[in-house]
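Student: Provide a 3D model corresponding to the input given below.
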Amino acid sequence: MKIVCVGGGPAGLYLAILARLRSGGRDEVLLAERNAPATAAGFAVTLGEDILDEFYRTDAIGAERIREAAHVWDTQVAAVEGRRVHLGGRYGYSIGRARLLDVLAERARQVGVKLHFDTAVAVDGDTAADPLTADADVVVAADGVNSAIRRNRAAAFGTRVAQGANRYVWFGTSKQFTSFTFAFERTHAGWIWFHAYPAADCPSTCIVECTPETWSGLGLDRMEPRDGMRLLEQVFARSLEGHSLIAPPGMGSSPWLTFREVRNTSWRDGNVVLAGDAAHSTHFAIGSGTVLAVTDAIALAEELYPGGFAGTDDVEAALAAYDARRRTAMMPVQRMARRSMEWFESVPRRLEGADPVDFAWSLLDRRGDQGRLHRRLHDVTQIEPVRELRRRLTSARRVRRAVRRGEIAPAEVPAQVLQR
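Tutor: Coordinates of the predicted model:
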């Protein structure tokens, strides 16, 4: 079987790795990326325990390298005009996007994937006309939210794109955040806020967001990008503590975006299959883009190689099974992501006259997945000794997960931690 992955993001790279591993190195696997190596844009991405478990399950060698490069943050706070409210029991992992792609590309080379950087494949989306994809048994369109392959077959995929209301921009910052931080500030034009989180191998990420009314009221729609950054540094001076914002790579005349929610009624058309942002997009507020891309890759590899080291005899059936499996799994995720997006679109109304602790609870429960016990825990977490106890219990839970997946040997962990 010949598999060609178009796009060098997490979905394309991880599918390529797994195809080589699960075929025992017998199948030809190529990956084409239009950009040069080591030129990935963006700052850090976030990962959770479940996807780390999946990395270790599917490729333990590669998983160890990803985990070694990842940074753990174990506190989360919401600051409303400087008043900090703690969101207890929260932790996660972050890794620079460029570093993650470097690790995956290195692993792909090691297992024998043929990587073609600086190679634009199917520029107009026509995979049959491109020499690299024309004779492929499977073409994986992992070419991002602006996928040319998806656009070329939009009718077959049933593509629908919906726009969010808020404006946002991805910055880095010279401040090394230690906690995942939401900071909300009031301006003369309305409320504006950021989502910031740390990484070990790149500047902290700082995503600034606001309503279109605040965006235009502050003049951000008319300012030169650098002037806009300087204004935002002043607005967030309290949380940035004098540190600067860092422009996103390749910042043009306007770095501000509106979120685009991509849905498709089918993820396959003939031998072409969608993965990652080409297949779906979820609002950045749930931080799942990379996780979902990797999960797509794992599911597709399992359908193409159901026996572990033997490829399927029926590619069409395998792609149909992947399509049904992942679209079904994505439906509740995209509903949850839309609820989160809509919550942030209503932030100004929620903040007016609100108690910061109550507002922070609403932030925590914006997806509707928290219960009464969690609300009580949220309230008592504002007490420092309780917060410290909860942090220790959360840390112990994290260590136990690491032991179960083979990241840490049981002998390296105190027995009382494993027994909690």
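Student: mind listing the strands for the stretch 1-150 of the chain?
Tutor: Applying DSSP state E, counting those that start in this stretch to the stretch 1-150 of the chain gives strands spanning 2-6, 28-32, 44-47, 71-73, 76-80, 83-86, 92-96, 114-116, 138-141.
Student: now mean neighbour count and mean pLDDT too, for those, in JSON lines please.
Tutor: For the C-beta atoms, the positions are set from N, CA and C on the backbone; glycine is no exception. Formatted as JSON lines, these follow (neighbours: other C-beta atoms under 10 Å; pLDDT from 0 to 100):
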{"stretch": "strand 2-6", "mean neighbour count": "27", "mean pLDDT": "97"}
{"stretch": "strand 28-32", "mean neighbour count": "23", "mean pLDDT": "97"}
{"stretch": "strand 44-47", "mean neighbour count": "24", "mean pLDDT": "94"}
{"stretch": "strand 71-73", "mean neighbour count": "17", "mean pLDDT": "93"}
{"stretch": "strand 76-80", "mean neighbour count": "21", "mean pLDDT": "97"}
{"stretch": "strand 83-86", "mean neighbour count": "18", "mean pLDDT": "96"}
{"stretch": "strand 92-96", "mean neighbour count": "23", "mean pLDDT": "94"}
{"stretch": "strand 114-116", "mean neighbour count": "17", "mean pLDDT": "97"}
{"stretch": "strand 138-141", "mean neighbour count": "29", "mean pLDDT": "97"}
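Student: let's have the ones you listed in JSON lines, adding distance to Arg392.
Tutor: Shown next, in JSON lines, are the strands of the stretch 1-150 of the chain (distance: least, C-beta to C-beta, whole Å):
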{"stretch": "strand 2-6", "distance to Arg392": "43"}
{"stretch": "strand 28-32", "distance to Arg392": "43"}
{"stretch": "strand 44-47", "distance to Arg392": "22"}
{"stretch": "strand 71-73", "distance to Arg392": "14"}
{"stretch": "strand 76-80", "distance to Arg392": "16"}
{"stretch": "strand 83-86", "distance to Arg392": "14"}
{"stretch": "strand 92-96", "distance to Arg392": "17"}
{"stretch": "strand 114-116", "distance to Arg392": "44"}
{"stretch": "strand 138-141", "distance to Arg392": "43"}
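Student: tell me which of these lies nearest to Gly12.
Tutor: strand 2-6 (3.8 Å; C-beta to C-beta).
Student: for the closest one, name the packing helices and strands.
Tutor: Counting contacts by 3 or more C-beta pairs under 8 Å, 6 or more residues apart in numbering; DSSP states H and E, strand 2-6 is packed against helix 10-22, strand 28-32, strand 138-141.
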